[in-house]
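Asker: quick one, fold the following:
(2 chains)
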Amino acid sequence: NAGVTQTPKFQVLKTGQSMTLQCAQDMNHNSMYWYRQDPGMGLRLIYYSASEGTTDKGEVPNGYNVSRLNKREFSLRLESAAPSQTSVYFCASSPRGGDYGYTFGSGTRLTVV
Amino acid sequence: QKEVEQDPGPLSVPEGAIVSLNCTYSNSAFQYFMWYRQYSRKGPELLMYTYSSGNKEDGRFTAQVDKSSKYISLFIRDSQPSDSATYLCAMMDQAGTALIFGKGTTLSVSS
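Answerer: Sure, this is the predicted structure:
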(Lines give C-alpha, C1' and ligand atoms only; values in the text may rest on other atoms or scores of the structure.)
Protein backbone atom coordinates (compact mmCIF):
# COMPACT_ATOMS: atom_id res chain seq x y z
CA ASN A 1 0.00 0.00 0.00
CA ALA A 2 1.86 3.07 -1.29
CA GLY A 3 -0.24 5.81 0.41
CA VAL A 4 0.73 9.20 -1.05
CA THR A 5 3.37 9.23 -3.78
CA GLN A 6 5.16 12.42 -4.83
CA THR A 7 7.41 12.88 -7.84
CA PRO A 8 10.08 14.02 -8.30
CA LYS A 9 11.89 13.76 -4.94
CA PHE A 10 14.48 16.39 -5.86
CA GLN A 11 14.59 19.13 -8.48
CA VAL A 12 16.81 22.07 -9.32
CA LEU A 13 15.32 24.79 -11.52
CA LYS A 14 16.64 27.97 -12.98
CA THR A 15 14.74 31.20 -12.32
CA GLY A 16 11.90 31.53 -14.82
CA GLN A 17 11.61 27.82 -15.61
CA SER A 18 8.36 25.98 -15.10
CA MET A 19 7.64 22.57 -13.65
CA THR A 20 4.84 20.41 -12.30
CA LEU A 21 4.99 18.47 -9.06
CA GLN A 22 2.94 15.30 -9.16
CA CYS A 23 1.00 13.70 -6.32
CA ALA A 24 -1.10 10.55 -6.31
CA GLN A 25 -2.90 8.71 -3.48
CA ASP A 26 -4.31 5.19 -3.49
CA MET A 27 -6.49 5.40 -0.35
CA ASN A 28 -9.67 6.62 -2.07
CA HIS A 29 -9.43 9.90 -0.13
CA ASN A 30 -11.64 12.80 -1.11
CA SER A 31 -9.45 15.72 0.02
CA MET A 32 -5.92 16.57 -1.10
CA TYR A 33 -3.51 19.35 -0.12
CA TRP A 34 -0.27 21.00 -1.08
CA TYR A 35 1.95 22.50 1.65
CA ARG A 36 5.37 24.05 1.59
CA GLN A 37 7.78 23.77 4.52
CA ASP A 38 10.47 26.35 5.13
CA PRO A 39 12.89 26.68 8.08
CA GLY A 40 11.30 28.76 10.83
CA MET A 41 7.99 28.99 8.95
CA GLY A 42 6.46 25.58 9.48
CA LEU A 43 3.97 24.04 7.06
CA ARG A 44 1.98 26.55 5.05
CA LEU A 45 -0.98 25.64 2.89
CA ILE A 46 -0.64 26.52 -0.80
CA TYR A 47 -3.80 25.00 -2.33
CA TYR A 48 -6.27 22.33 -1.42
CA SER A 49 -8.96 20.27 -3.10
CA ALA A 50 -11.83 19.34 -0.81
CA SER A 51 -13.21 16.90 -3.38
CA GLU A 52 -12.72 15.89 -6.99
CA GLY A 53 -13.52 18.84 -9.26
CA THR A 54 -12.87 21.58 -6.69
CA THR A 55 -9.76 23.54 -5.75
CA ASP A 56 -9.23 26.50 -3.42
CA LYS A 57 -6.42 28.80 -2.40
CA GLY A 58 -4.64 28.43 0.88
CA GLU A 59 -2.37 30.78 2.79
CA VAL A 60 0.39 31.18 0.16
CA PRO A 61 -1.04 30.56 -3.36
CA ASN A 62 0.83 33.25 -5.32
CA GLY A 63 3.06 31.84 -8.06
CA TYR A 64 1.34 28.43 -8.08
CA ASN A 65 -1.50 26.69 -9.88
CA VAL A 66 -3.08 23.31 -9.22
CA SER A 67 -5.07 20.69 -11.05
CA ARG A 68 -7.18 17.96 -9.49
CA LEU A 69 -6.88 15.58 -12.41
CA ASN A 70 -9.10 12.89 -10.90
CA LYS A 71 -9.82 11.54 -7.43
CA ARG A 72 -6.31 10.07 -7.12
CA GLU A 73 -4.11 12.86 -8.53
CA PHE A 74 -3.45 16.46 -7.52
CA SER A 75 -0.64 18.36 -9.26
CA LEU A 76 1.10 21.62 -8.39
CA ARG A 77 2.54 23.82 -11.13
CA LEU A 78 5.11 26.57 -10.90
CA GLU A 79 4.72 28.64 -14.06
CA SER A 80 7.82 30.84 -13.63
CA ALA A 81 9.97 29.68 -10.76
CA ALA A 82 11.55 32.22 -8.40
CA PRO A 83 14.26 31.73 -5.74
CA SER A 84 11.60 32.44 -3.07
CA GLN A 85 9.95 29.17 -4.11
CA THR A 86 12.95 27.16 -2.94
CA SER A 87 11.35 24.88 -0.37
CA VAL A 88 10.25 21.38 0.50
CA TYR A 89 6.80 20.65 -0.90
CA PHE A 90 4.48 18.12 0.70
CA CYS A 91 1.31 16.65 -0.70
CA ALA A 92 -1.23 15.21 1.73
CA SER A 93 -4.61 13.55 1.56
CA SER A 94 -7.48 12.87 3.96
CA PRO A 95 -10.79 11.01 3.80
CA ARG A 96 -12.56 14.37 4.13
CA GLY A 97 -11.65 17.79 5.34
CA GLY A 98 -8.70 16.92 7.53
CA ASP A 99 -10.65 16.27 10.75
CA TYR A 100 -9.28 12.71 10.85
CA GLY A 101 -5.78 13.82 10.00
CA TYR A 102 -3.69 13.71 6.89
CA THR A 103 -1.45 11.17 5.24
CA PHE A 104 1.60 12.93 3.85
CA GLY A 105 3.88 12.06 0.98
CA SER A 106 7.65 12.03 1.41
CA GLY A 107 8.13 15.47 -0.13
CA THR A 108 9.82 17.17 -3.08
CA ARG A 109 12.94 19.21 -2.37
CA LEU A 110 12.98 22.08 -4.86
CA THR A 111 15.85 24.50 -5.34
CA VAL A 112 15.48 27.51 -7.64
CA VAL A 113 18.76 29.15 -8.62
CA GLN B 1 -0.73 36.89 16.68
CA LYS B 2 -0.38 33.60 14.81
CA GLU B 3 -3.27 31.20 15.22
CA VAL B 4 -0.99 28.43 16.51
CA GLU B 5 2.20 29.06 18.48
CA GLN B 6 4.84 26.41 19.14
CA ASP B 7 8.31 26.83 20.63
CA PRO B 8 10.78 25.55 18.00
CA GLY B 9 13.36 24.45 20.55
CA PRO B 10 15.66 22.63 20.06
CA LEU B 11 14.95 20.47 23.08
CA SER B 12 17.66 18.04 24.21
CA VAL B 13 17.03 15.37 26.84
CA PRO B 14 18.76 12.19 28.04
CA GLU B 15 17.29 8.78 27.27
CA GLY B 16 14.56 7.85 29.74
CA ALA B 17 13.46 11.43 30.43
CA ILE B 18 9.87 12.62 30.34
CA VAL B 19 9.35 15.12 27.53
CA SER B 20 6.66 17.79 27.43
CA LEU B 21 5.84 19.52 24.14
CA ASN B 22 3.28 22.30 23.96
CA CYS B 23 1.25 24.53 21.66
CA THR B 24 -1.00 27.48 22.32
CA TYR B 25 -3.71 28.71 20.01
CA SER B 26 -6.00 31.70 19.65
CA ASN B 27 -9.08 30.34 17.85
CA SER B 28 -11.57 29.07 20.44
CA ALA B 29 -13.49 27.26 17.67
CA PHE B 30 -10.75 24.65 17.18
CA GLN B 31 -12.14 21.18 17.91
CA TYR B 32 -9.69 18.76 16.30
CA PHE B 33 -6.18 18.53 17.73
CA MET B 34 -3.32 16.43 16.42
CA TRP B 35 0.35 15.78 16.86
CA TYR B 36 2.58 14.79 13.97
CA ARG B 37 6.11 13.42 14.12
CA GLN B 38 8.54 14.24 11.35
CA TYR B 39 11.89 12.54 11.00
CA SER B 40 14.65 14.33 9.13
CA ARG B 41 14.00 14.47 5.37
CA LYS B 42 10.69 12.59 5.72
CA GLY B 43 7.04 13.56 5.57
CA PRO B 44 5.08 14.17 8.79
CA GLU B 45 3.18 11.18 10.20
CA LEU B 46 0.13 11.33 12.45
CA LEU B 47 1.04 10.42 16.02
CA MET B 48 -1.92 11.41 18.19
CA TYR B 49 -5.46 12.64 17.55
CA THR B 50 -7.87 14.23 20.03
CA TYR B 51 -11.34 15.59 19.50
CA SER B 52 -12.35 18.46 21.80
CA SER B 53 -11.00 18.37 25.37
CA GLY B 54 -9.40 15.71 27.50
CA ASN B 55 -6.55 13.26 27.46
CA LYS B 56 -5.60 10.45 25.16
CA GLU B 57 -2.93 7.86 25.83
CA ASP B 58 -1.15 5.55 23.40
CA GLY B 59 1.78 3.62 24.81
CA ARG B 60 4.46 6.09 25.92
CA PHE B 61 2.59 9.05 24.43
CA THR B 62 -0.13 11.14 26.08
CA ALA B 63 -1.94 14.04 24.42
CA GLN B 64 -3.79 16.62 26.52
CA VAL B 65 -6.13 19.39 25.43
CA ASP B 66 -7.11 22.26 27.74
CA LYS B 67 -9.63 24.32 25.78
CA SER B 68 -10.17 26.79 28.62
CA SER B 69 -6.51 27.79 28.39
CA LYS B 70 -6.23 27.20 24.62
CA TYR B 71 -3.26 24.93 25.29
CA ILE B 72 -2.36 21.45 24.10
CA SER B 73 0.44 19.17 25.22
CA LEU B 74 2.19 16.00 24.16
CA PHE B 75 4.01 13.98 26.83
CA ILE B 76 6.55 11.31 25.97
CA ARG B 77 7.48 8.93 28.80
CA ASP B 78 10.72 6.94 28.89
CA SER B 79 12.03 8.81 25.87
CA GLN B 80 14.21 6.89 23.41
CA PRO B 81 16.80 8.01 20.84
CA SER B 82 14.30 6.90 18.19
CA ASP B 83 11.99 9.68 19.43
CA SER B 84 14.45 12.26 18.08
CA ALA B 85 12.41 14.14 15.50
CA THR B 86 10.43 17.32 14.94
CA TYR B 87 6.97 17.32 16.52
CA LEU B 88 4.25 19.43 14.92
CA CYS B 89 0.94 20.29 16.50
CA ALA B 90 -2.04 20.78 14.19
CA MET B 91 -5.64 21.81 14.71
CA MET B 92 -8.86 22.68 12.93
CA ASP B 93 -12.35 23.95 13.71
CA GLN B 94 -15.62 22.17 12.94
CA ALA B 95 -16.16 24.11 9.70
CA GLY B 96 -12.54 24.10 8.62
CA THR B 97 -11.25 22.60 5.45
CA ALA B 98 -7.56 22.34 6.25
CA LEU B 99 -5.33 21.80 9.26
CA ILE B 100 -3.33 24.69 10.69
CA PHE B 101 0.12 23.64 11.88
CA GLY B 102 2.50 24.93 14.49
CA LYS B 103 6.09 25.51 13.38
CA GLY B 104 7.30 22.35 15.09
CA THR B 105 9.60 21.56 18.03
CA THR B 106 12.85 19.71 17.35
CA LEU B 107 13.59 17.05 19.96
CA SER B 108 16.90 15.25 20.45
CA VAL B 109 17.14 12.27 22.84
CA SER B 110 20.69 11.22 23.67
CA SER B 111 21.67 7.71 24.78
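Asker: what helix or strand is B:Lys2 located in?
Answerer: Using DSSP states H and E, B:Lys2 sits within no helix or strand.
Asker: nope, B:Asp7 is what I meant
Answerer: Following DSSP H and E, there is no helix or strand that holds B:Asp7.
Asker: residues in chain A within reach of chain B, list them.
Answerer: A:4, A:31, A:33, A:35, A:40-43, A:45, A:48, A:50, A:56, A:58, A:90, A:92, A:97-107 (CB under 8 Å from any CB of the partner chain). The C-beta positions use only the backbone N, C-alpha and C, and glycine is treated the same way.
Asker: who's the residue nearest the centre of chain A bridged to?
Answerer: Most central in chain A under CA atoms, centre = their mean is A:Trp34, positioned 2.9 Å from the mean C-alpha point. Assessed by DSSP bridges, A:Trp34 has beta-bridge partners A:Tyr47, A:Cys91.
Asker: I figured it hits A:Leu76, correct?
Answerer: Yes: judged on CB atoms under 8 Å, A:Trp34 makes contact with A:Leu76 at a distance of 4.8 Å.
Asker: roughly how far does B:Asp66 sit from chain A?
Answerer: Plainly put, B:Asp66 is 20 Å away from chain A if you go by CB to the nearest CB, to the nearest Å.
Asker: what about the strands in chain B?
Answerer: Taking DSSP state E as the criterion, chain B carries its strands at B:4-5, B:11-14, B:19-25, B:30-38, B:45-51, B:54-58, B:61-66, B:71-76, B:85-93, B:100-101, B:105-110.
Asker: quick one: closest of these to A:Arg68.
Answerer: A:Arg68 lies closest to strand B:85-93 among the strands of chain B, at 20.5 Å (CB to CB).
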